[in-house]
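J.: Next input, structure requested:
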Amino acid sequence: MDGRDEAAAVAAIEGEAGGDADEVTGFAGIIGRHPRMQAIFEVIRRVAPTGVTVLVTGESGTGKELVAQAIHSQSRRHAQRLVPVHCGAIPEELLESEMFGHERGAFTGAVTSRIGRFKLADGGTIFLDEVGDMSTKLQVKLLRVLENGQFESVGGVSTQQADVRVVAATNRNLEEAVAERQFREDLYYRLRVVPIEVPPLRARREDIPLLVAWFLNQLHTAKGLPRFTVSPEAMEVLVAYRWPGNVRELKNLLEQMVVLGPADCVIRPETLPPKLHGRMAGDGATSGWTTPPWDFDGRGIDFYREMESIEDRIIARALDISRGNKKEAARLLQLNRTTLLEKLKRKRESRAIPALAADASRLGPIPLVPEPQAVPVGELLGLAGGQALRA
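T.: Numbering: from 1, shown residues only. Below is the predicted model:
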C-alpha cells in the first residue's frame, strides 16, 4: 500500500479502537501498541541499519516474517531483494540446493544448473524461517556463510561469495536444542547476535482491537470485500479468546467472517465460531472449562480437592504452552522455578490418591502434544492422559 492508504488504515484503526493520534499503533507494517511491541519496534529501528544477524523467536503465527520484512525495509539494503527460505517446508535433500544452488548433473533431476537463494540475495537480505528445523549437515555450511560469506553449490568445485544479511526465525527453543545436541552451539550464538522475541497474541490482548480494525480495513480496501464492523460484545469474545494460532488465526477468522458473515456486515457474538465462546480468558477451545462442574446436588463438595484439581489444570496448561519447559512454565505462572518444582514433586507423590485424576478429568482433557523420550505431564500431576514434559 502507498502512504495514503496506510494513513487511512491507521486512521481507521484509531477510530474503531478508540485510540488517538498521539498513540503509536504500528511500525513498518506491524500493528501493536502493547509495550512489548513498542520495545520490538525500537530494537528494529536500532538494528536495521547495522547489518548484523538477527534471530527472531516466537510461536507460530505471531508475525516473525513481518519482523524480518521490517528489518529489511529499514536497512541500507532495502533496494535489494529480501529472499525467504522456509527451512521447515523444504525437504532436507532439496534444502541445500535451494540455499546454495546446484550444478547440472549434481543429482537425479538436475538437468540444468541453478543458483541458490544466497546468491540470489547477494547485496540484500535472506530470511531463514524455521532455521531450527535445519539438519546438522546444513548447519555447518550455514555457519561458514555467516563467518565469511563463502559456499559451494551442490556438485560444484568453485567457491562462491555472497554479501548477504541474515535474519533467522524459529518457534523452537534453540537453547534446549543445543543442550540436546540437535543444534550447533556455535551457530546458535552466531545467529543470535541480536535476539527479538515476538510475544503471542494472548500476551498482548490490548492489541486485538487494533488488529481487528486493521484486518477488516485491509479486506475492504485491498480485496474489495464489504466493510465489516464488530459489536462491543463480539469484541469482548475476541479479546478473551486465547488464540493458539496467534495473529494468523485472527486474520483468517476475520476473512472467514467477512466472506460468510451476516448481510448487515456486523460481527456479533452469535456469528462467531462456537470454539470462541464459553472459555475462560487465557484458555483455548480444548480447555474444557465451558461450564462449572459443581452443581452440589445438596451434598456439597470437597473444596480443597476441587481447588487442587484446578491447580493441576492450570499447571498442566502452562506446561503445555511452554512445551514442557519448567522454567518457562514457572514464568507463565509467575512462580519461582523452585516453587513449581516443589508443587510437581508433591503432586507426583499424591498419585496414590485416586480422586486426583478423577476430579481433574471432570474439567476436561489436557491437550496432547506428544514428544519422544519425554516424561508425560500426566505422570507428574497424577492426571489421566498427559502432555509431554522435558526433564
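J.: list the contacts for Leu95?
T.: The neighbourhood of Leu95, defined by CB atoms under 8 Å, 6 or more residues apart in numbering, consists of Val85, Cys87, Met134, Ser135, Leu138. C-beta coordinates here come from the backbone N, C-alpha and C atoms, glycine included.
J.: and these, which are buried?
T.: For these, a neighbour count by 16 or more other CB atoms under 10 Å gives the buried set as Val85, Cys87, Met134, Leu138.
J.: circling back to that earlier point, which one of the contacts of Leu95 is nearest Arg36?
T.: Taking CB to CB as the measure, Cys87 is the one of the contacts of Leu95 closest to Arg36, at 26.1 Å.
J.: How confident was the prediction at that closest one?
T.: What the model reports as pLDDT for Cys87 is 89.
J.: cool, Gly288 as well?
T.: 38.
J.: what do you get for Gly101?
T.: 84.
J.: Identify the spatial nearest neighbour of it, chain neighbours not counted.
T.: Spatially, and ignoring its direct neighbours in sequence, Gly101 is nearest to Gly116 (3.4 Å; CB to CB, 6 or more residues apart in numbering).
J.: Same check on Ile321?
T.: Closest to Ile321 by CB to CB, 6+ apart is Leu332, at 6.3 Å.
J.: in the helix or strand hosting the one you found, what's buried?
T.: Per DSSP states H and E, Leu332 falls inside helix 326-333. Neighbour-count burial for helix 326-333 flags Lys326, Glu328, Ala329, Ala330, Leu332, Leu333 (criterion: 16+ other CB under 10 Å).
J.: got it, and stretch 163-181?
T.: Buried, per 16+ other CB under 10 Å, within stretch 163-181: 164-174, 176-178.
J.: same deal with stretch 88-101?
T.: Buried-residue list, stretch 88-101, by 16+ other CB under 10 Å: Ile90, Leu95, Glu96, Ser97, Glu98, Met99, Phe100, Gly101.
J.: could I get it in PDB with only the CA atoms?
T.: What follows is stretch 88-101, C-alpha atoms only, in PDB (Å, rounded to 0.1, in the frame of the first residue of the first chain):
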ATOM      1  CA  GLY A  88      10.800 -26.400   7.600                       C
ATOM      2  CA  ALA A  89       8.800 -26.700   4.400                       C
ATOM      3  CA  ILE A  90      11.500 -27.800   2.000                       C
ATOM      4  CA  PRO A  91      12.700 -31.500   2.100                       C
ATOM      5  CA  GLU A  92      16.100 -31.900   3.600                       C
ATOM      6  CA  GLU A  93      17.600 -33.400   0.400                       C
ATOM      7  CA  LEU A  94      16.500 -30.300  -1.500                       C
ATOM      8  CA  LEU A  95      17.200 -27.600   1.000                       C
ATOM      9  CA  GLU A  96      20.900 -27.500   0.400                       C
ATOM     10  CA  SER A  97      20.200 -26.900  -3.300                       C
ATOM     11  CA  GLU A  98      17.700 -24.300  -2.600                       C
ATOM     12  CA  MET A  99      20.100 -22.400  -0.400                       C
ATOM     13  CA  PHE A 100      23.400 -22.800  -2.300                       C
ATOM     14  CA  GLY A 101      22.300 -23.800  -5.800                       C
END
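J.: re the thing from before, the next helix or strand after the helix holding Leu332 vs helix 326-333, what angle?
T.: Counting by DSSP H and E, the next helix or strand C-terminal to helix 326-333 is helix 337-349. Put simply, helix 337-349 runs at 100 degrees to helix 326-333, going by axes from the mean of the first three to the mean of the last three CA atoms, to 10 degrees.
J.: Show me what helix 337-349 is packed against.
T.: helix 303-321, helix 326-333, helix 377-381 (3 or more CB pairs under 8 Å, 6 or more residues apart in numbering; DSSP states H and E).
J.: Quickly compare those and say which is most buried.
T.: Highest mean neighbour count of the helices and strands packed on helix 337-349: helix 377-381, a mean of 22 (counted as mean count of other CB atoms under 10 Å).
J.: hmm, back to that, could you check the angle helix 303-321 makes with the helix holding Leu332?
T.: Using the same axes, to 10 degrees: helix 326-333 against helix 303-321 is 120 degrees.
J.: Helix 326-333: how far from the chain's middle?
T.: 17 Å (CA atoms, centre = their mean, to the nearest Å).
J.: List the contacts of it.
T.: 173, 314-315, 318-319, 321-322, 336-337, 339-341, 344, 389.
J.: let's see it at 7 Å
T.: Residues from elsewhere that reach helix 326-333 (CB atoms under 7 Å, 6 or more residues apart in numbering): Ile315, Ala318, Leu319, Ile321, Ser322, Asn336, Arg337, Leu340, Leu341.
J.: can you check stretch 52-71 too?
T.: So stretch 52-71 is contacted by 27-30, 40, 44, 47-48, 82, 127, 129, 146, 166-171, 190-200, 245-249 (CB under 7 Å, 6+ apart).
J.: likewise stretch 197-211?
T.: 13, 17, 25, 31-34, 36-37, 40, 56-59, 62-64, 67, 235, 238-239, 242-243, 246-247, 250, 282.
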